[in-house]
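1. This is the structure alone, sequence omitted:
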């Protein structure tokens, strides 16, 4: 549902006001959504077959958007335990002198875990390759999807664009959640960066996951390298009523912490300055 864009320069609020501000935005969006649904139903009241189709599509969209987030959360619940198990194996290898650090176990293959030979050279090579590759901008898609899929995804993004893309935009992505906001960039690579995120900053990340959701209540806007209109960042940004641009490609490498930017969630763009 489209909503009127608002432009503001967010000063960091107090922690006590963060939750109430986010809750107020959510209530406002819920009210607008319910009003929009009622207006659509009223407009289709004399077209029962079309109204039935509208209700069916709305039910699917609302039901499966929630299920998508739940399955992502459930799939990752076991990761902390699995990580501890792997580190315990790494501790054994480190005690035997096969690796230097228990965390080096993450650069080993399963067949190597039972070996007691020196694995430090293999670890160093793989760690070096990983360090080089993690600095590269990830592709927005793997492989070449069928033309029909590309057309559908592109068409959905263009249909969601409520304003034209400025010719001088620094970054152009998909307009995931409308609104126009200025703020300072904060690049977040993972949970280890959560503590440094301040209220009113623009959250910039490669992707977000369910564990990142609390940051959305504090963020002025969200920009991600990857994602689509149905990605976690898109869904949660719309729920919190903050602008979002996803699929921007290389936002995390082109932007820097503290940089002033304006995020236009309606146009799907990021521009420098306020």
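-> Done, it's in. Here the structure is a predicted model, which is why all the values come from computation and not from measurement.

2. all contacts plus neighbour counts: C-alpha atoms, from now on.
-> Will do.

3. Any buried residues in the longest strand along the chain, and which?
-> The residue-count maximum for a strand in the chain (DSSP state E) belongs to strand 180-187. Judged by neighbour count using 16 or more other Cα atoms under 10 Å, the buried positions of strand 180-187 are 180-187.

4. which among these gets closest to residue 80?
-> Checking the buried residues of strand 180-187 against residue 80 by Cα to Cα gives residue 187 as the nearest, at 23.4 Å.

5. wait, doesn't the closest one sit right on residue 201?
-> No: using Cα atoms under 8 Å, residue 187 is not in contact with residue 201, being 9.6 Å away.

6. Could you provide the buried residues of strand 180-187 in CSV, with additional columns for distance to residue 35?
-> Listed next are the buried residues of strand 180-187 as CSV, based on distance: Cα to Cα, whole Å:
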residue, distance to residue 35
180, 22
181, 25
182, 28
183, 30
184, 34
185, 34
186, 35
187, 36
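
7. for those, which one is nearest residue 211?
-> Closest to residue 211, out of all of the buried residues of strand 180-187 and judged by Cα to Cα, is residue 187, at 16.1 Å.

8. show me the contacts for the nearest residue in space to that closest one that is not next to it in sequence.
-> The spatially closest residue to residue 187, leaving aside those adjacent along the chain, is residue 204, at 4.7 Å (Cα to Cα, 6 or more residues apart in numbering). Residue 204 makes contacts with 185-188, 222-224, 251-252, as judged by Cα atoms under 8 Å, 6 or more residues apart in numbering.

9. repeat that for 7 Å
-> Going by Cα atoms under 7 Å, 6 or more residues apart in numbering, residue 204 touches 185-188, 222-224, 252.

10. could you point out which element follows the host helix or strand of it?
-> For residue 204, the host element (DSSP states H and E) is strand 202-205. Next in sequence after strand 202-205, counting helices and strands by DSSP H and E, comes helix 213-216.

11. which residues are contacting the next helix or strand after that following helix?
-> As assigned by DSSP H and E, the chain's next helix or strand after helix 213-216 is strand 221-224. If you take Cα under 7 Å, 6+ apart as the criterion, strand 221-224 is touched by 181, 202-207, 242-248, 251, 263.

12. quick one: which of those has the most company?
-> residue 244 (36 neighbours; other Cα atoms under 10 Å).

13. Name the residues linked to it by a beta bridge.
-> residue 177, residue 222 (DSSP bridges).

14. Check it and give its pLDDT.
-> Looking at residue 244, its pLDDT stands at 97.

15. Run through the protein and note the low-pLDDT ranges.
-> 1-19, 140 (pLDDT under 70).

16. Show me the helices in it, by range?
-> 15-43, 48-76, 79-95, 120-133, 147-160, 213-216, 232-240, 251-254 (DSSP state H).

17. From the recorded domain assignment, give the ranges for the protein.
-> 7-43+162-272, 79-133 (automatic domain parsing).

18. Quick one, which of the ones you listed gets closest to residue 145.
-> domain 7-43+162-272 (14.5 Å).

19. I'd like the distance between residue 21 and residue 222.
-> 17 Å (Cα to Cα, to the nearest Å).

20. Which of the two has more residues huddled nearby?
-> residue 222 (28 against 15).

21. Now do the more buried one against residue 112, distance only.
-> 41 Å.

22. And for residue 246?
-> 39 Å.

23. Residue 209 too?
-> On the measure of Cα to Cα, residue 209 and residue 112 end up 31 Å apart.

24. Out of these two, name the residue with the larger neighbour count.
-> Ranked by neighbour count (other Cα under 10 Å), residue 209 and residue 112 place residue 209 first, with 15 against 11.

25. Would you agree the more buried one is in contact with residue 232?
-> Yes: with contact defined as Cα atoms under 7 Å, residue 209 counts as touching residue 232 (6.2 Å).

26. list the contacts for the residue nearest to residue 41 when sequence neighbours are not counted?
-> Distance criterion Cα to Cα, 6+ apart; nearest residue to residue 41, sequence neighbours excluded, is residue 51 at 6.7 Å. Applying Cα under 7 Å, 6+ apart, we find residue 51 in contact with 41, 44-45.

27. hmm, which of these are the buried ones?
-> residue 41.

28. Many thanks, I have nothing further to ask.
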